[in-house]
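Chemist: Quick check, what structure comes out for this input:
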Amino acid sequence: MRMLRALYNKGVYAGLTKHVYNLFHDVYTGIDKSHKKAMSPVDLNTLFFGKVSSPALISAQQIARLMYCLCGIPFVDFQHVGADSVKDGSLNYSRRKTGVCVSIPVNKETVSLIEKAAVCPSDMNTEAGYRHYQSLLRKFNASLSRLASKLGIKAHVSSYTIRHSWATTALYCHVPVEVISSALGHADIKTTQIYLKGFNAKEIGLANRKVCRCVENK
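Modeler: Below is the predicted model:
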């Protein structure tokens, strides 16, 4: 619904349709904060390193692992990166959605993987290019779904699952939210906080004991 509203607004601005006051007034177009897409580290390990024989699934597995290693880069931006995106040991790209520049240090092995996993980029400013991108994304998500099923992973897996999982794992590794936000290319840290899956009671309990020890009588 958010995408539909955005398309409608673009149509209004372009003079292709009439403006209807409060057209989306009774339609929920927000983000459900209770819906978390992150996978557990165990499932991620299985997804990235589980044994499969199909060339198509192996390719999807390699791309998924690479996207994760590139700080959860979204597929729409991944299709535009290549060896020429690397300068002075860092992969540099601009988030299509926010325009935020992201710089990720990479080694020679990662650069080699980027070259091998290169996806034919789409010109998103044209109808044909956008359709091409949507086709690539559907095929990739379908391959990820088959890969997960083949490896016995019950969780839903898509290109965005990888992105959310990287963000949540980074939080569990005590990476500051500000750093996570910058790595994801978010323009607003509030967006990052929506991505992040909360800690469970056990983890909160451990943290609380550490904090309480700081003021205990010695």
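Chemist: Longest helix of the protein, counting residues only.
Modeler: When the chain is parsed with DSSP state H, its longest helix is helix 127-150.
Chemist: now what about it, what contacts it?
Modeler: Residues outside helix 127-150 that contact it (C-beta atoms under 8 Å, 6 or more residues apart in numbering): 47, 50, 52, 54, 56-57, 59-61, 63-64, 75-76, 79, 119-120, 122-124, 155-159, 161. To be clear about C-beta, it is placed using only N, CA and C from the backbone, and glycine gets the same treatment.
Chemist: show me where the chain has helices.
Modeler: 2-13, 41-49, 55-69, 75-78, 108-116, 127-150, 159-172, 177-184, 189-195, 201-213.
Chemist: mean confidence for the shortest one?
Modeler: Across helix 75-78, the average pLDDT comes to 91.
Chemist: before we move on, what about the fifth one?
Modeler: Mean pLDDT, taken over the full extent of helix 108-116, equals 86.
Chemist: Same question for the first one.
Modeler: Average pLDDT, helix 2-13: 85.
Chemist: Pull out the buried positions in that helix.
Modeler: residue 8 (16 or more other C-beta atoms under 10 Å).
Chemist: Equivalent analysis for the fifth one, please.
Modeler: Residues of helix 108-116 classed as buried by neighbour count (16+ other C-beta under 10 Å): 110, 111, 113, 114.
Chemist: pLDDT weak spots in the chain?
Modeler: For the chain, applying pLDDT under 70 flags the ranges 28-36, 195, 197-201, 203-204, 207, 211-212, 215-218.
Chemist: Spatially central residue in it, please.
Modeler: residue 163 (2.4 Å; C-alpha atoms, centre = their mean).
Chemist: quick one: contacts for the closest residue to that residue other than its chain neighbours?
Modeler: Leaving aside its sequence neighbours, residue 163 sits nearest to residue 72 (C-beta to C-beta, 6 or more residues apart in numbering; 3.8 Å). Listed by C-beta under 8 Å, 6+ apart, the contact set of residue 72 reads 162, 163, 164, 165, 166, 167, 183, 184.
Chemist: same thing but at 6 Å, please
Modeler: 162, 163, 166 (C-beta atoms under 6 Å, 6 or more residues apart in numbering).
Chemist: Can you read off the backbone torsions of it?
Modeler: phi 70, psi 40 (degrees, to the nearest 10).
Chemist: Tell me how far it lies from residue 156.
Modeler: Residue 72 sits at a distance of 16 Å from residue 156 (criterion: C-beta to C-beta, to the nearest Å).
Chemist: Residue 98 now?
Modeler: 25 Å.
Chemist: next one: residue 64
Modeler: Taking C-beta to C-beta as the measure, residue 64 and residue 156 are separated by 14 Å.
Chemist: Not counting its own residues, what contacts stretch 38-56?
Modeler: Contacts of stretch 38-56 (C-beta under 6 Å, 6+ apart): 58, 65, 143, 150, 151, 153, 155, 161, 164, 165, 168, 197.
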